[in-house]
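# model this:
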Amino acid sequence: MSVHSEAACKKCTYFDDHAANGQHADAEAGLCRFNPPVTQPEPDSHGLWPIVAKSDWCGHFETGTTVN
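I've put the predicted structure just below:
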């Protein structure tokens, strides 16, 4: 098993498998809660959490209790 599959988003503390940004739940994706929501171009729009695939990975991976 590769290092990347061991550190996949689905196993990360910061992964949230709730419905992506208020939309329908996606079985293969979720929200990354490491950074704050991304701002939108319209001043009165809400920020959105980045959507990531469960198999994605990054350098912020942290094991432990999950948010979801």
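# which regions of the protein lie under the pLDDT threshold?
Applying pLDDT under 70 to the chain flags the ranges 1-5, 19-25, 64-68.
# Okay, and the beta partners of Leu31?
Following DSSP bridges, Leu31 is listed with bridge partners Asp16, Ile51.
# what sits against it?
Under the criterion of Cβ atoms under 8 Å, 6 or more residues apart in numbering, the neighbours of Leu31 are 15-18, 20-21, 49-52. All C-beta atoms are positioned from the backbone trio N, CA, C, and that covers glycine.
# Same check on Pro36?
Contacts for Pro36 (Cβ under 8 Å, 6+ apart) come out as Gly47.
# And Ala29, by the same measure?
20, 51-54.
# re earlier: buried only: go through the contacts of Leu31 for me.
15-17, 20, 49-50, 52 (16 or more other Cβ atoms under 10 Å).
# Show me which pair in those is furthest apart.
With Cβ to Cβ as the measure, no two of the buried ones among the contacts of Leu31 lie farther apart than Asp17 and Pro50, at 13.8 Å.
# Include distance to Thr63 when you put the contacts of Leu31 into a markdown table, please.
Listed next are those as a markdown table, based on distance: Cβ to Cβ, whole Å:
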| residue | distance to Thr63 |
| --- | --- |
| Phe15 | 11 |
| Asp16 | 16 |
| Asp17 | 16 |
| His18 | 20 |
| Ala20 | 23 |
| Asn21 | 25 |
| Trp49 | 20 |
| Pro50 | 20 |
| Ile51 | 22 |
| Val52 | 16 |
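# From Gly59, how far off is the spatially most central residue of the chain?
Nearest to the geometric centre of the chain sits Cys32, at 2.2 Å (Cα atoms, centre = their mean). Distance, Cys32 to Gly59, using Cβ to Cβ, to the nearest Å: 12 Å.
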